[in-house]
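>>> No letters, just coordinates:
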């Protein structure tokens, strides 16, 4: 037996690479095979957050005075550094998150695209010049950064989500305290390392790992943190929102989704089936934009579900380090147990289990958190699996009798993130776009599709703060306006 490599102990980045004052660390494992220890990270606490805020506050004046186009250049450099190590980052994401290699490549590419788009925002950080009512008065508006901001990110997209939050904040001229998920901090650390290697000045971006109850809460409660951008669960996001807004700071929350996928009678069923699988089972269903409710018209429901189950039965489930694997594990034991719990609830409430529904433990799968791709039919809106975000490989097929019923059932949910309809009827597609209650919508495209040059975010319980991420709106959350009136002296 060969030598086993000793896992690395990683440090925080607070002006430089430093250990936590707690002298404690936590372990990060490969969810596909928990015998594989990826590394150890700092078990930080409130004192570490205080150091990070102090460091970020000291770095803010110089960073604020750096011209915005120059701030954007750092994003371009970071994007190139990531692209130069593309394959290495793909392998890391697959090992740490459990994504298929295909899904990991998509995230690394998205990270690069996000950084390049947002780097360009440095040259587009514009105000307005508007004619005044008064003769001789010249008036205009300017954007200014807020100061120190907090970024708290989830485990399922640890590189791209962190990239679009951090890059928006930095290009706008803020300094950042970044807390990644404790499940996937290595992928987030590689992003931070890219910013450091790109030359972002010390103190401008600070990286602090540790439990949300200490690190996240300390960021949310700190009086010098002017804004917090969060992506994660509704329960945690709502709790952080109360802490942040109670002291008058800004909060931006992107949280749950329960995204509908309507299949009209005239749809291309093969395309629809493939995209339900891509949207609902890609990354084991662990995406806020994942397809979880498929609303199919009665006249095609049997044919569609048979095609869906047949296609899923041929999927290869296993360790995603293999190129042929289409779906890997869930992120940890908690996510696995949550999915298994909802599957049992679905059966108890009368939904018909068509396939899947169990943990996979054959051979080496016993060392990971695998759940078979699961499809229910006969699902109606008042069932728990039709209302709660499961965040796992569980798809609910709901049979509808009319377009009006499809829209009603699609909107009968507290979330409002993504949606799609598959049809060749332009009039119905347009009607769907107008009536669906979602921040993102699609026609003949998966619910998971998005591009960085367009705003991203949801309505209803999905989004808090009212300001979208990415796109032309990306800078709105991280800047404040100043209106200037000038008049030459008589």
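Nice, thanks for sending it over. Everything numeric here is computed off the predicted structure, so don't read it as measured data.
>>> can you map out the helices along the stretch 51-200 of the chain?
Along the stretch 51-200 of the chain, the stretches classed as helices by DSSP state H, counting those that start in this stretch are 68-84, 86-97, 101-120, 160-171, 185-197.
>>> Can you name the residues in contact with the third one?
Right, helix 101-120. Under the criterion CB atoms under 8 Å, 6 or more residues apart in numbering, residues 72-76, 78-79, 82-83, 86, 89-91, 93-94, 97, 99, 157, 159-160, 163-164, 167-168, 171, 191, 282-283, 320-321, 323, 325-326, 451-453, 470, 474 lie in contact with helix 101-120. For the C-beta atoms, the positions are set from N, CA and C on the backbone; glycine is no exception.
>>> If any of those are buried, give me the ChimeraX selection for them.
A single ChimeraX command selects the buried members of those (16 or more other CB atoms under 10 Å):
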select :72,73,74,75,76,78,79,82,83,89,90,93,94,97,99,157,159,160,163,164,167,168,171,191,282,283,320,321,325,326,452,470,474
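>>> Check which strands are paired with the helix or strand of the chain with the lowest mean pLDDT and give the direction for each one.
Least confident element among the helices and strands of the chain, by mean pLDDT, DSSP states H and E: strand 463-464 (a mean of 90). With DSSP bridges as the test, strand 463-464 is paired with strand 250-254 (antiparallel).
>>> I'd like the average pLDDT over the partner strand.
The pLDDT scores in strand 250-254 average 96.
>>> And stretch 102-111, by the same measure?
Confidence over stretch 102-111 (mean pLDDT, whole number) is 98.
>>> chain center to that stretch, what's the gap?
What separates the centre of stretch 102-111 from the centre of its chain is 13 Å, taken as CA atoms, centre = their mean, to the nearest Å.
>>> In that stretch, which residues are buried?
102, 103, 104, 105, 106, 107, 108, 110, 111.
>>> neighbouring contacts of the helix or strand encompassing residue 430?
Secondary structure assigned from DSSP states H and E places residue 430 in helix 426-435. Outside helix 426-435, the residues within contact range by CB under 8 Å, 6+ apart are 262, 264, 403, 407, 411, 421, 423, 441, 443.
>>> Go ahead and build a PyMOL selection from the buried members of these.
Per 16+ other CB under 10 Å, the buried members of the contacts of helix 426-435 correspond to this PyMOL selection:
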select buried, resi 262+264+403+407+411+421+423+441
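>>> Just the ones of the contacts of helix 426-435 in strands?
Among the contacts of helix 426-435, the members falling in strands (DSSP state E) are 262, 421, 443.
>>> tell me the angle of the top strand by length along the chain relative to helix 86-97?
Longest strand in the chain, counting residues (DSSP E): strand 33-42. Between strand 33-42 and helix 86-97, the angle comes out at 100 degrees (axes from the mean of the first three to the mean of the last three CA atoms, to 10 degrees).
>>> Show me what strand 33-42 is packed against.
Secondary-structure packing of strand 33-42 (3 or more CB pairs under 8 Å, 6 or more residues apart in numbering; DSSP states H and E): strand 8-9, strand 25-30, helix 86-97, helix 185-197.
>>> Any buried residues in the helix holding residue 430, and which?
428, 429, 432.
>>> What of stretch 262-281?
Buried, per 16+ other CB under 10 Å, within stretch 262-281: 262-264, 267, 269, 272-273, 275-281.
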